[in-house]
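Trainee: Provide a 3D model corresponding to the input given below.
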Amino acid sequence: AGRPQGVFVIERMLDLGARELGIDRLEIRRRNFLPPDVFPYDNEIIDQAFVPLVYDSGNYRATLDQAADRIGYERFIREEQPLLRAEGKHVGIGIVSFVETTGVGPYEGARVTVEASGKVSVATGVGTQGQGHFTSFAQIVADQLGVSPRNVRVVTGDTSEFHWGTGTFACRGAVVAGNAVNAAAASVRKKVLAHASKVLETPEEELELVDGLVRVADLPDQAISLGELAAMANPLRGAVEPGTEPGLEATDYFGPHYGAVANGAHALILEVDPETMMIEIKRYVTVEDCGTILNPLIVDGQIHGGVALGIANSYYEQLIYDENGQLLNASFADYLIPTATEIPRVEIGHENTPTPLN
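Mentor: As a prediction, the model looks like this:
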């Protein structure tokens, strides 16, 4: 979408500037980072969403320093590289930083419902294309309502289930739709506690939600299931208390004032064969700061995929045309896509700079 190309130009300029000034490549980056105490930082330009570009939070130096430590930057520069160069090997190290605006508006919404079966259903308008939204949204609801994620049914992007939505783009699903899901689930939790307080004749603050039950914290035998409570919250006879709503259901929306900015640093040690110009990536380290991680397996999986795509884009993939504009490598027999033998093991580290926005 343009960010990799922009980052490439910025980071090459920093490398060239460090060489011209005779300072270390890490040092020139550290000097130019925004420090943590300046956030929120207004860049005083209008971003792609036609709103001011404001960085909400960040600790860029911590991310870069962790990446440098993990790959052994100082030791490589001082000890390992000179020995390898003396052996005639063309081995170098690269390290770059980036920021990425995520969680952009305008909004997403969600509806959370506890059913009489004890299962919980979630509907949200955001679309999904394999990012693990079903798992992450189920986890958010499960945390709020004290149920297993397996008992949470999630529907996304279906207008027959939920009318309003903006879409999945710009790394916004977990942040925007996730916060809407969390808000709706929190509202349902309040209803659950209010109903259970009356049924169990116990103050709300003395109740806990565990394993699909609402129970008295000090007397776990005194409990009622969420399913029973949902049925009781939908009376078929009698009057409904004024100011209340039937059922254990809530709909809520989340619309951020501006995006939540993630950052990261990538470092690799690379050897180039001067005769064939083939490359071998000896080590690849990445450190990401996406704030609170909802599901480590999903996050690391997305990082693996991003690194693989980046390596492919940088070193392997190219569309070749002849003088008449005819595409010459239109099949995967001729268009280079790296396989597991070309993609190295990716070593991943994390920082956690919470956003003040959500």
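Trainee: how long is stretch 18-32 end to end?
Mentor: End-to-end distance for stretch 18-32, by C-alpha to C-alpha, to the nearest Å: 12 Å.
Trainee: Buried ones in it, by neighbour count?
Mentor: 18, 25-26, 28-29 (16 or more other C-beta atoms under 10 Å). All C-beta spots, glycine's among them, are computed from the backbone N, C-alpha and C.
Trainee: repeat for stretch 104-122
Mentor: 104-105, 108-116, 118-122.
Trainee: so what secondary structure elements neighbour whichever helix in the chain runs longest?
Mentor: When the chain is parsed with DSSP state H, its longest helix is helix 178-200. On a contact count with 3 or more C-beta pairs under 8 Å, 6 or more residues apart in numbering; DSSP states H and E, helix 178-200 meets strand 108-114, strand 120-124, helix 133-145, strand 207-210, strand 213-216, strand 219-225, helix 226-232, strand 248-254.
Trainee: Can you give me the buried ones in that helix?
Mentor: In helix 178-200, counting by 16+ other C-beta under 10 Å, buried: 178-189, 191-193, 195-197, 200.
Trainee: So for Asn234, what's the pLDDT?
Mentor: Looking at Asn234, its pLDDT reads 87.
Trainee: Now do the contacts for it.
Mentor: Residues near Asn234 by C-beta atoms under 8 Å, 6 or more residues apart in numbering: 116, 246-247.
Trainee: now do Val175
Mentor: Counted by C-beta under 8 Å, 6+ apart, Val175 has contacts 102-103, 256, 260, 358.
Trainee: List the buried residues in stretch 219-230.
Mentor: 223-230.
Trainee: Repeat that for stretch 156-170.
Mentor: Those would be 156-157, 162, 165-166, 168, 170, for stretch 156-170 by 16+ other C-beta under 10 Å.
Trainee: Checking His350 next. Helix, strand or coil?
Mentor: Under the three-state scheme (DSSP: H, G, I helix; E, B strand; the rest coil), His350 adopts strand.
Trainee: Against Thr286, how distant is it?
Mentor: 10 Å (C-beta to C-beta, to the nearest Å).
Trainee: who's more crowded, those two?
Mentor: Thr286 (24 against 18; other C-beta atoms under 10 Å).
Trainee: Below-threshold pLDDT in the stretch 201-350 of the chain: ranges please.
Mentor: Judged against pLDDT under 70, the stretch 201-350 of the chain has no low-scoring part.
Trainee: that older thread, could I get the contacts of Asn234 as CSV with distance to Leu328?
Mentor: As requested, these are exported to CSV (distance: C-beta to C-beta, whole Å):
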residue, distance to Leu328
Ala116, 62
Pro246, 65
Gly247, 62
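Trainee: Now flag whichever of the residues you listed is closest to Ala62.
Mentor: If you rank these by distance to Ala62 using C-beta to C-beta, Gly247 comes first, at 45.9 Å.
Trainee: which non-adjacent residue is nearest Ile298?
Mentor: Gly132 (3.9 Å; C-beta to C-beta, 6 or more residues apart in numbering).
Trainee: Let me know the pLDDT of that neighbour.
Mentor: For Gly132, pLDDT reads 92.
Trainee: Next up, phi/psi of it, please.
Mentor: Note on Gly132: its backbone torsions stand at phi 90, psi 20 [degrees, to the nearest 10].
Trainee: same check, this time on Ser331
Mentor: phi -120, psi 160.
Trainee: What of the one 10 residues further on?
Mentor: Dihedral pair for Thr341: phi -80, psi -20, per degrees, to the nearest 10.
Trainee: And it, how close does it get to Tyr107?
Mentor: Counting by C-beta to C-beta - Thr341 and Tyr107 are separated by 44 Å.
Trainee: same check, this time on Val307
Mentor: 32 Å.
Trainee: What segments of this structure are helices?
Mentor: Under DSSP H, the chain gives helices at 3-21, 25-32, 60-71, 73-75, 81-86, 133-145, 178-200, 226-232, 296-311.
Trainee: The fifth one - what's its average pLDDT?
Mentor: The predicted model assigns helix 81-86 a mean pLDDT of 96.
Trainee: Could you list every helix and strand in contact with that helix?
Mentor: Against helix 81-86 (3+ C-beta pairs under 8 Å, 6+ apart) you get strand 90-102.
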